[in-house]
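*Asks:* Quick one, what's the 3D model for this:
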Amino acid sequence: MAWSFPSWKSIVYGKIPQNKALYNLIKYIYEHTGVGGTVGTSEIEDGAVTTDKVHSAAISYDKLDTNTKQFKEVIRIPADGAAGDTWDKSLIYIDKAVKVIDVGIIPDTQFGQATDYAALSLINKGNDGAGTTVIASKTFNSTNVADAYKYTSLGTVSNADIAAGSVLSLAKAKTGDGQIVPAAAIELILERAA
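*Replies:* You can find the predicted model right below:
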């Protein structure tokens, strides 16, 4: 006769088999092999646990480390129409409360020059579109040049906490005749608030 052990679910839910010898064997294995204790990362093979094997409520938010709470949003913007244009364009809708860690631009061509130049600002428009709170801003002149295909931060973040339901926009201001903002990727590094 072949022995078959009950599934771990039946042990967890207390459905212990009637056979006392089998019960004692399972209890011994459970208590002496670490099955019932803490499992360390060295005991789990790489790739053994995938998202489809973890229940959505199995890991609470407060158990995640800071790096896990952070994520990136990358928004592609087209090239500006004209050097002298100024604008304030919606960039992203924030559906859950977040903290802005950093924001930057990755332009397709070099951006920034002397005399006639532009400044970019990330603005919190709030949930009604009327907000004017600046989160980060940078003037792209001859000392603050954004190189092509390289990330350039818009600078120190302030007013970093963003409520759920808010919209963030990207605004352009100009000095002199301005400068065309090239096609670029705008990268936001955000952290979930809860």
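
*Asks:* In this protein, what residue spans correspond to strands?
*Replies:* Remark: strands assigned in the chain by DSSP state E are 70-77, 87-94, 98-107, 117-124, 133-140, 152-153, 161-162, 166-175, 184-192.

*Asks:* Pick the most deeply packed of those strands.
*Replies:* Counting by mean count of other CB atoms under 10 Å, strand 117-124 has the highest mean neighbour count of the strands of the chain, with a mean of 22. In this view, the C-beta of every residue, glycine as well, is placed from N, C-alpha and C.

*Asks:* tell me what that strand is packed against?
*Replies:* For strand 117-124, the elements it packs on are strand 98-107, strand 133-140, strand 166-175, judged by 3 or more CB pairs under 8 Å, 6 or more residues apart in numbering; DSSP states H and E.

*Asks:* nearest to Tyr151, of these?
*Replies:* Closest approach to Tyr151 among the helices and strands packed on strand 117-124 is made by strand 98-107 (5.0 Å; CB to CB).

*Asks:* Show me what that closest one is packed up against.
*Replies:* For strand 98-107, the packing partners by 3+ CB pairs under 8 Å, 6+ apart are strand 117-124, strand 133-140, strand 152-153, strand 161-162, strand 184-192.

*Asks:* a markdown table for the strands of the chain, including mean pLDDT?
*Replies:* Putting these into a markdown table (pLDDT from 0 to 100) gives the following:
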| stretch | mean pLDDT |
| --- | --- |
| strand 70-77 | 94 |
| strand 87-94 | 96 |
| strand 98-107 | 97 |
| strand 117-124 | 98 |
| strand 133-140 | 98 |
| strand 152-153 | 98 |
| strand 161-162 | 97 |
| strand 166-175 | 98 |
| strand 184-192 | 96 |
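
*Asks:* Tell me which of those lies nearest to Ala146.
*Replies:* Of all the strands of the chain, it is strand 152-153 that lies closest to Ala146, at 3.9 Å by CB to CB.

*Asks:* And for the closest one, what's in contact with it?
*Replies:* Residues from elsewhere that reach strand 152-153 (CB atoms under 8 Å, 6 or more residues apart in numbering): Asp102, Val103, Gly104, Ile105, Ile106, Pro107, Ala136, Lys138, Ala146.

*Asks:* so how far is Asp147 from the closest residue to the first one other than its chain neighbours?
*Replies:* The one in question is Asp102. Leaving aside its chain neighbours, Asp102 sits nearest to Ile189 (4.4 Å; criterion: CB to CB, 6 or more residues apart in numbering). Using CB to CB, to the nearest Å, Ile189 is found at 19 Å from Asp147.

*Asks:* Now do the contacts for Ile75.
*Replies:* Residues counted as contacts of Ile75 (CB under 8 Å, 6+ apart) are Leu91, Ile92, Ala185, Ile186, Leu188.
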